[in-house]
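K.L.:
Sequence first, predicted model second:
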Amino acid sequence: MMKTKASWILRIFAAVIFTQTLYFKFTGHPDSVEIFSALNMEPGGRILIGILELVSAILLLVPGTVAYGAILAWGIMSGAIIGHCTEIGFEGDLLSLFLLGVGVWVCATVLLVMHRHQLPLLRHTYEKPDSSA
Amino acid sequence: MVSLTVDLHRLSKFVNVALPVLTVLFLFGGKFLSFYLNFFTVTFLFLSIVNYFYLRVQTEHSLLRNFGIVAQGRYLIESIGPELRQYLFASDTEERPFNRVERAEIYRKAKNIDSASFFGSLKEFDSTEIKIRHSMYPTDREALLPYSLTYGEERGIGNTYTITKPIIISAMSYGSLGRQAVRCLARGAKMAGIPMNTGEGGYPKYHLMEGCDLIFQMGTAKFGVRDEEGFLDEEKLRDLAGKDEVKMIEIKLSQGAKPGKGGLLPKEKLTPEIAGLRGVPLGKDVISPPHHKECKDKSTTVSFIRRVQEVSELPVGIKFCVGSFEEVEELVGEMARQNIFPDYMSVDGAEGGTGAAPKAFMDRVGVPLFPALARVNRILCEAGVRGRLKLMAAGKLINPGRQMLAFALGAQAVYTARGFMLSLGCIQALQCGQNTCPIGITTHDPTLQRGLDIPTKAKRVENYVHNLEHDLHELLAASGRRSFNELTMKNLFIPEDSTLAPLLDQQSLASTYN
């Protein structure tokens, strides 16, 4: 029971942060445009990442697909962290943005471990799916 | 000599090194060429982490611990092995419990498609296969005697029950089957004019819905007719037996799938409704006791049969899988001593089994149907009491050929459960206990049950019965006999290596009951 509650809190946290930044990405907010220009991904990359974040948020909220959403979120946030380290930097507002990214990355990692049995990769071959419970 | 091989050991070592190297390379690419390359950085980083987890962290799988992510391929491919084999690689005659040829025959019968086959049989003609002997002078179809079997006539009771087709739907409870499947079968039974056994699932709510004739099965836990301690509650039995649809009562002593053990309903399939109908707690496997609390030995068993006969005022049968012939002999002797006989005996072959059962029991316990049936028939004949009851058989009797063998060995009617599941479209996915039946038969998941349309599938059941009956008549005519009662072991060709061969010298006895 505790586990399901924790899972829901992490999922909602990650999804809320994604959807909130989506608004800035899709409307072409100057800050967002500036970041993606620094990565030389403007405008296609900004839209692409926005779409991936939207998909990830949806997958995270659907109970059967949490692990897949978590993988996608983990990937996007890993990319964001790499971006901050190599191109964007951490000055001013960027630092809080970076920390939010790290927060989502941690959520995604924890969710991935919690829901790993949904993945065909890690499912036990010879056991009934529920016998671990 | 040089041969073209894939060295998986070296491949896995290569992959283990390549994954982190590629991650770093793409990271540099992302920095100096295009940030888009970081899509690959992230992907390879993820795979590297999974690989590290397999190699260094997890301890469950030796193969993954030694070879990492490449070894995952084995598990992935192996997991779809059963499907691949069934779709592509298994030959038409090698699957168990029913091979494709046997299944296809049922599907064709159920769909009312001509089941003639061509260019020779796919069966073995070796030294163990039992064949039916035909006569040089087959009976004319008009000369065949109409089939009719009246249960309870030996005791001269008022509520006798007569069947006019020799096929009965064998015991499958609501619980093992989903409600939709129960209703398909019940409606089909009604349309075909045959009775259906309720199985030991308690009050037969869904079986009763379609108005077909029912044989109420009392399992060792007596679901539906038990008191608090698991003894018979006579009032409940009287109520049930008073229903118009309930024509006979069957006391289940043991079952082919797991002789010596009680019934088993896996917790995955226990819904609140089923728990209510059976009166058991949720969340635990429902395990019936190995024997009826009243039946401790032969004499109490016979007395219990009498008690059920008296309370229900209906024909009462017993169903068992043979373990020891001596025990059967003693039980029959006790029946003769007390002058109390069940109205029928149903011999369940050890090969039977729609039920969930521990693998060792499914595979290793009990005598297979044909030798068991032949011996039980002989025991009854030798005791001079064959005329006091009816004999029935169950155990993979899904097609007319096997059913004919059962008739020749002494059965007067046959039970089949899996035959009817196949007629509903069962694809033998072997998931009956997991609540995931892809056809929707042995599941309580409404999204899977959706696949079973009651009118369509009921018609299939009816077709299956009619086509079985048709084929049985043809076989009977070919054998030169006029009714199933006239069949004996003499109508069978039994090779020396068959399990039935030792009984052959006694065959004259086996044919003396009528």
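P.N.:
Received the coordinates, thanks.
K.L.:
Can you tell me the element residue B:345 falls in?
P.N.:
Per DSSP states H and E: residue B:345 is located in strand B:344-348.
K.L.:
That strand pairs with which strands, parallel or anti?
P.N.:
Paired strands of strand B:344-348, with direction, are strand B:316-320 (parallel), strand B:390-394 (parallel) (DSSP bridges).
K.L.:
Just put those strands in a markdown table and tack on mean pLDDT, distance to residue B:432 and mean neighbour count.
P.N.:
Using the backbone N, CA and C atoms, a C-beta is placed for each residue, glycine as well. Converted to a markdown table, these look like this (pLDDT from 0 to 100; distance: least, CB to CB, whole Å; neighbours: other CB atoms under 10 Å in any protein chain shown):
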| stretch | mean pLDDT | distance to residue B:432 | mean neighbour count |
| --- | --- | --- | --- |
| strand B:316-320 | 96 | 20 | 26 |
| strand B:390-394 | 96 | 17 | 26 |
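K.L.:
all strands of the stretch 401-514 of chain B, in order?
P.N.:
B:413-416, B:492-493 (DSSP state E, counting those that start in this stretch).
K.L.:
possible to save these as TSV with mean pLDDT, mean neighbour count and distance to residue B:152?
P.N.:
Formatted as TSV, the strands of the stretch 401-514 of chain B follow (pLDDT from 0 to 100; neighbours: other CB atoms under 10 Å in any protein chain shown; distance: least, CB to CB, whole Å):
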stretch	mean pLDDT	mean neighbour count	distance to residue B:152
strand B:413-416	96	26	14
strand B:492-493	91	17	30
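K.L.:
which one of those strands lies closest to chain A?
P.N.:
Chain A lies closest to strand B:413-416 among those, at 28.7 Å (CB to the nearest CB).
K.L.:
In terms of secondary structure, what does the closest one contact?
P.N.:
strand B:167-169, strand B:390-394, helix B:400-408 (3 or more CB pairs under 8 Å, 6 or more residues apart in numbering or on different chains; DSSP states H and E).
K.L.:
Please verify my assumption that residue B:357 contacts residue B:260.
P.N.:
No - the pair residue B:357 / residue B:260 is not scored as a contact, 10.5 Å apart, by CB atoms under 8 Å.
K.L.:
what about the two, which has more around it?
P.N.:
Shown here are residue B:357 and residue B:260; by other CB atoms under 10 Å in any protein chain shown, residue B:357 has more neighbours (21 against 13).
K.L.:
on that earlier part again, for the strands paired with strand B:344-348, could you give me TSV that also reports distance to residue B:38?
P.N.:
Listed next are the strands paired with strand B:344-348 as TSV, based on distance: least, CB to CB, whole Å:
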stretch	distance to residue B:38
strand B:316-320	69
strand B:390-394	65
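K.L.:
Hmm, residue B:412 and residue B:484 touching each other?
P.N.:
Yes - counting by CB under 8 Å, residue B:484 touches residue B:412, with 6.7 Å between them.
K.L.:
Which one's more surrounded, those two?
P.N.:
residue B:484 (24 against 21).
K.L.:
hang on, the earlier thing: what's the closest of the strands paired with strand B:344-348 to residue B:374?
P.N.:
Nearest of these to residue B:374, taken as CB to CB: strand B:390-394 at 10.1 Å.
K.L.:
Report the inter-axis angle for the closest one versus helix B:400-408.
P.N.:
Between strand B:390-394 and helix B:400-408, the angle comes out at 150 degrees (axes from the mean of the first three to the mean of the last three CA atoms, to 10 degrees).
K.L.:
picking that back up, residue B:478: which of the helices and strands packed on strand B:413-416 is closest?
P.N.:
Nearest of the helices and strands packed on strand B:413-416 to residue B:478, taken as CB to CB: helix B:400-408 at 9.6 Å.
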